[in-house]
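*Asks:* okay, sequence plus prediction incoming.
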Amino acid sequence: MSGSESLEGWIERQLAVSTERLLASVSATGLSRPGPRVGQVMVPAPGSVLAYAQPRPGPDEPDYFFHWIRDAALIIDALVTLYRRGRLLAAARRRFAESVAFDRGLLRIDGRALVESEGWPPEVYPQQQPWLRPGEEVVRLRGRAVLDDVRYNADGTPDVVRWSRPQHDGPAKRALTTLKLLQHGALESDAERRQAALLLAGDLGYTLSRHARPSYDPWEEELGFHFYTRLVQHAALRRGAEWAAATGRPRAAGRLAAAAAVQAAALAGHWSAADGFYGSRLPGPGISPEKNLDGIVLLAVLHAGLADGPYSVLDPKVAATVERLEAFFAGYLPINAGRGPADGVLLGRYAGDRYFEGGAFPIACFGLAEFRYRRAATGARSEAARELARGDAVLGFMRRFLPESGMLPEQLDRVTGAPRSARDLTWSHAALVTAADARAAACSAVARSAAG
C-alpha cells in the first residue's frame, strides 16, 4: 500500500478488485476441480457461488470450493448493493437470475436416487474415506431437508463429506437477499421475478418450520441455539410477513409474524445484564462458555439489517456488546498492541479460537467499521462525525496488513497481520463492499449535518 494513498483512494481501488472477485465467484463455469469420487471432475454450474474460487488451494489453505447457502446469500447481497450504487455493468445482472435458478435447482436433489443409482459408499480416493457421510444421512436428502445440508458441490450435487449439519441460518439470510432482489428491481423479467418469489416462499416456509429447533452456529462448531441464527430468522420472518401481506397472503403473513415475535422473545434471552453483552449462544451440552462473547453477534446485527429498535445498530445493548468486543480484542490479539477502541482495533471471533491460531477476521473487522458507519448514518447528529471517525480508524489500521493485490484473506495472523487460511475469501470481499456502502451513507449524513 502506498503511504500517500488516502483512505478514500484505497477504498475505491479495493472496491474495483472486490467487485471483480465477487463476480468471478458466481457462475464460475470456467473452473474445475477433482471431486472426491474416483475420476470425478466438478465444474461449477451457472448460478453457483464459490466461497473461495480456488480449485486447488495451497497446502496451508482450507478447501472452500463449495456453495454455502449463507455465503452465497451474503455475496449476492453485496452484488445487489453494487447494482443499487450503479457499479455493476448491465451484463452482470444475469448473475442474479442464474443464482436464483441454481438455488431453486438444489431442491430437486433426492438422496434416495443418489444412493440407489450409485450405491453407498461411493468409490472415493483413500484420503476421503474417513470423511464420507453415512448413507442413511444421504437418503434423507429430499424436500425441505435438502436445505439442512448447508453446503453443496458447486456443480449442484450433494456434498458427500461429513459436515456440521444442520445449519438453519442460510435460508433465512437468502430470504432477506431475495427480498432485496425483488425490491430493488435487480431481476430483468417477470419470469425471473416469479422464480425469485417461489424461492423466497420456500425459504420462508423452511424458516417457519425450523425456527424453534437447534442448529449449528455459522462458525460450524456447536449445536444449540445461537444469536446469529435467531436474529436472521427473526428479520426474515418479519419482513417475509410484510411481503406476504403486500402480495395478498394474509394467512401466511399472520403465521410469519407470529413466528417473528417468538424469535424476538427468544433473542431477549441472550442478553446478560451481569456480563453487559448479547451472548452468542445459550448454555447447553457441548456449548463452550468462552465463546459467548463472539464477533458473530456483530455480524448478526448487520446481516439482519433492522433499521431501528432492538437488535439494530441503534440498540444500546448492541452498542454495549460491540464495546465489549473492542475492549476484549484490543488486549487479546497481539496485533492490536498499544491500541484502544478509539484508535481502531481488529476483531477476531472469540477467546480461545484455534482455527489457524485464531487471528483477526476481516469479515469481523469490516463489520466493525460498517457498524460505526451505519450508526453515523442513522444515529444522533451529534455523534455522526465521531462514529464516522471510529469506522475510518478501523479501516485505516486494517489496510496496513492487506495485500497490494486487493486479495482479502479469511484471517490475518494474530501477531504479524500476515494473511492466513483462505488467501482470498469471497465473503471478505462482500464485507468490504457493504462497509464501503455504509461509509458513503455516513459521509453524506455528516455532510448534511455540517451544512444544516
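*Replies:* Thanks, I have the structure now. Residues are numbered from 1 along each chain as shown.

*Asks:* CA only for contacts and neighbour counts going forward, please
*Replies:* Noted.

*Asks:* lowest average confidence, helix or strand, in this structure?
*Replies:* helix 111-118 (a mean of 88; mean pLDDT, DSSP states H and E).

*Asks:* dump the C-alpha coordinates for that helix into CSV.
*Replies:* Output in CSV follows, covering the C-alpha atoms of helix 111-118 (Å, rounded to 0.1, in the frame of the first residue of the first chain):
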residue,chain,number,x,y,z
GLY,A,111,-30.6,-38.6,-1.8
ARG,A,112,-32.5,-41.8,-2.3
ALA,A,113,-32.0,-41.7,-6.0
LEU,A,114,-28.3,-41.0,-5.5
VAL,A,115,-27.8,-44.0,-3.2
GLU,A,116,-29.9,-46.3,-5.4
SER,A,117,-28.1,-45.4,-8.6
GLU,A,118,-24.5,-45.2,-7.4
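
*Asks:* ok, and what's touching that helix?
*Replies:* Taking contacts as Cα atoms under 8 Å, 6 or more residues apart in numbering, the residues outside helix 111-118 that touch it are 135, 138-142.

*Asks:* low pLDDT regions in this structure?
*Replies:* Applying pLDDT under 70 to the chain flags the ranges 1-3, 379-380, 452.

*Asks:* how about the least confident helix or strand of the chain: buried residues?
*Replies:* Of all the residues in helix 111-118, those buried under the rule 16 or more other Cα atoms under 10 Å are 111-112, 114-115.

*Asks:* distance to residue 295 for those residues - can I get that in TSV?
*Replies:* Converted to TSV, the buried residues of helix 111-118 look like this (distance: Cα to Cα, whole Å):
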residue	distance to residue 295
111	35
112	39
114	39
115	40
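
*Asks:* that older thread, helix or strand right after the least confident helix or strand of the chain?
*Replies:* helix 135-138 (DSSP states H and E).

*Asks:* rewinding a little: out of the buried residues of helix 111-118, flag the one nearest to residue 212.
*Replies:* residue 111 (25.3 Å; Cα to Cα).

*Asks:* what sits closest to that closest one if chain neighbours are left out?
*Replies:* Leaving aside its sequence neighbours, residue 111 sits nearest to residue 139 (Cα to Cα, 6 or more residues apart in numbering; 4.3 Å).

*Asks:* these two touch, right, that neighbour and residue 110?
*Replies:* Yes: between residue 139 and residue 110 a contact is recorded at 7.3 Å, counting by Cα atoms under 8 Å.

*Asks:* higher neighbour count, those two?
*Replies:* A direct count of neighbours by other Cα atoms under 10 Å for residue 139 and residue 110 places residue 110 higher, at 19 against 15.

*Asks:* follow-up on the earlier one: format the contacts of helix 111-118 as a markdown table; extra columns: distance to residue 446.
*Replies:* Formatted as a markdown table, the contacts of helix 111-118 follow (distance: Cα to Cα, whole Å):
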| residue | distance to residue 446 |
| --- | --- |
| 135 | 58 |
| 138 | 54 |
| 139 | 56 |
| 140 | 54 |
| 141 | 51 |
| 142 | 51 |
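
*Asks:* just give me the closest of the residues you listed to residue 414.
*Replies:* Nearest to residue 414 among the contacts of helix 111-118, with distances taken as Cα to Cα, is residue 138, at 38.6 Å.

*Asks:* so how many other residues sit close to that closest one?
*Replies:* Residue 138: 21 neighbours (other Cα under 10 Å).

*Asks:* list the contacts for it?
*Replies:* Contact analysis of residue 138 by Cα under 8 Å, 6+ apart lists 111-112, 115, 160.
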